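Chemist: Let's see this in three dimensions:
(one chain, ligands or ions: 1)
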Amino acid sequence: MTDTNRRWLLKSRPQGAIKDSDFDLVETDIPTPGEGEFLVRVTHLSFDPTQRGWLGGDTYLPAVRIGDPVRAGAIGQVIASNHPKFRPGQLVQGTFGWQEYVVSNGMTETGPVSAVHPGITPEQALGIFGITGLTAWFGLTDLGKPQPGDTVVVSGAAGATGSVVVQVAKAMGCKVIGIAGGPEKCAWVRDVAGADACIDYRAGGVAAAIRAEAPKGVNVVFENVGGEIFDAALANLALRARVVLCGGISSYNDTAEDRSPGLRNYMNITVMRARVEGFIVLDYAPRFAEGVQALAALRAEGKLKTAEDVAHGFENCPATLRRLFEGKNFGKQLLKLADPPLPLA
Ligand SMILES: NC(=O)c1ccc[n+]([C@@H]2O[C@H](COP(=O)([O-])OP(=O)(O)OC[C@H]3O[C@@H](n4cnc5c(N)ncnc54)[C@H](OP(=O)(O)O)[C@@H]3O)[C@@H](O)[C@H]2O)c1
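Modeler: From the prediction side, this is the model:
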């Protein structure tokens, strides 16, 4: 165990893409747990597009305060404990943020700290069985309600959430059209994740490409990107389509001046009597165990492949978050700080 704790603290609200200079990397003493608390050494950090939103202002959670560590989901090992429910050596999951060590009383900003199931790796706990896997599961099944034979379009299809949506929709008997950036990602979406087709949006002509793959229209749109890609999907809705508005990463770095004037094809929602619904996966927390069970069953049947993109070096936190916005990540973006089991205090 080292004797210092490094933390990335928010210095100023980012304008546009995040810069290292939006944060301060500080060194402090390792905190000491008090009565009813435990000390966690963070081993794996999760990187999620929503973190950009949390830095910019209030969203579905209050904005990260200036001077606070950047909020992020994480896995860590309990190093010392004065808490009856957590014992040294245990792997735990919680919103521990961009810091190497954290003292917890068992509650974080997004919910309670939980023990990582012994049969699950930290990478799986943050990915396929974590927020992105559960977002895919509940967003698609609860809101998208795909029926066998439906055509499903998924943007961000090579990403952590999108790649699970592709595979769950395939397992439910749908025709699946992915949309991703570049031929390499599209090949993975088709050949590994099993989509029937994958459209490389960087090649342009997305609306026409969807039409060519789905001449009768699209029954379910699982939207991760927004902007022009979303507009292209709206142009191709089938009657009574369900549009799951999961995210819109293409606009998360926008300043007020950049904001696009809007969608050209939104009236197709009316013409096609479609339903558009947004959701925040944290609302499904009481049902997370059900989602994990369903995803684990698909995985056991060999129907759920995962890709994890693991960065290294705590000093690389801002650069690792930027990767999501540069399309550099392949599957779930993580940063590994240490390999458990770690020595105890
Ligand atoms: N509603 C919820 O509760 C919830 C929960 C989790 C995630 N989400 C949303 O789900 C989406 C995916 O999140 P994730 O964690 O799974 O990330 P991810 O898909 O693993 O990574 C982000 C991907 O977005 C694509 N991208 C980035 N900028 C883009 C742009 N300007 N145009 C088109 N594509 C762009 C890149 O893929 P390409 O290389 O293919 O461009 C990048 O790899 C995000 O919108 C996120 O906010 C929502």
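Chemist: Okay, strands next: where are they in the stretch 201-345 of the chain?
Modeler: 218-223, 237-245, 275-278, 308-312, 332-336 (DSSP state E, counting those that start in this stretch).
Chemist: These: which one's closest to Glu184?
Modeler: Set against Glu184 and scored by C-beta to C-beta, the strands of the stretch 201-345 of the chain come closest in strand 308-312, at 13.0 Å. (C-beta placed from N, C-alpha, C; glycine too.)
Chemist: Quick check: closest non-adjacent residue to Ser114.
Modeler: Gln93 (5.3 Å; C-beta to C-beta, 6 or more residues apart in numbering).
Chemist: For this protein, what lies in contact range of the ligand?
Modeler: 48-50, 131-132, 135, 156, 158-162, 180-181, 185, 224-225, 229, 246-250, 279-281, 324-325, 327, 329, 333 (C-beta under 6 Å from any ligand atom).
Chemist: I'd like to know which of the residues you listed are part of helices.
Modeler: Residues of those located in helices (DSSP state H): Thr50, Ile131, Thr132, Thr135, Ala160, Thr161, Gly162, Lys185, Ile229, Leu324, Phe325.
Chemist: who's in contact with the lowest-mean-pLDDT helix or strand in the chain?
Modeler: Within the chain, confidence by mean pLDDT, DSSP states H and E is lowest for strand 111-112 among all helices and strands, at a mean of 94. Here strand 111-112 makes contact (C-beta atoms under 8 Å, 6 or more residues apart in numbering) with Gly94, Thr95, Gly106, Leu282, Ala285.
Chemist: Would you check the distance separating that strand from the middle of the chain?
Modeler: 18 Å (C-alpha atoms, centre = their mean, to the nearest Å).
Chemist: just stretch 210-226 next, same as before
Modeler: For stretch 210-226, the distance to the chain centre is 21 Å (C-alpha atoms, centre = their mean).
Chemist: What residues sit buried inside it?
Modeler: 210-211, 213-214, 217-226 (16 or more other C-beta atoms under 10 Å).
Chemist: Tell me where the stretch 51-200 of the chain has helices.
Modeler: Applying DSSP state H, counting those that start in this stretch to the stretch 51-200 of the chain gives helices spanning 122-126, 131-138, 160-171, 183-191.
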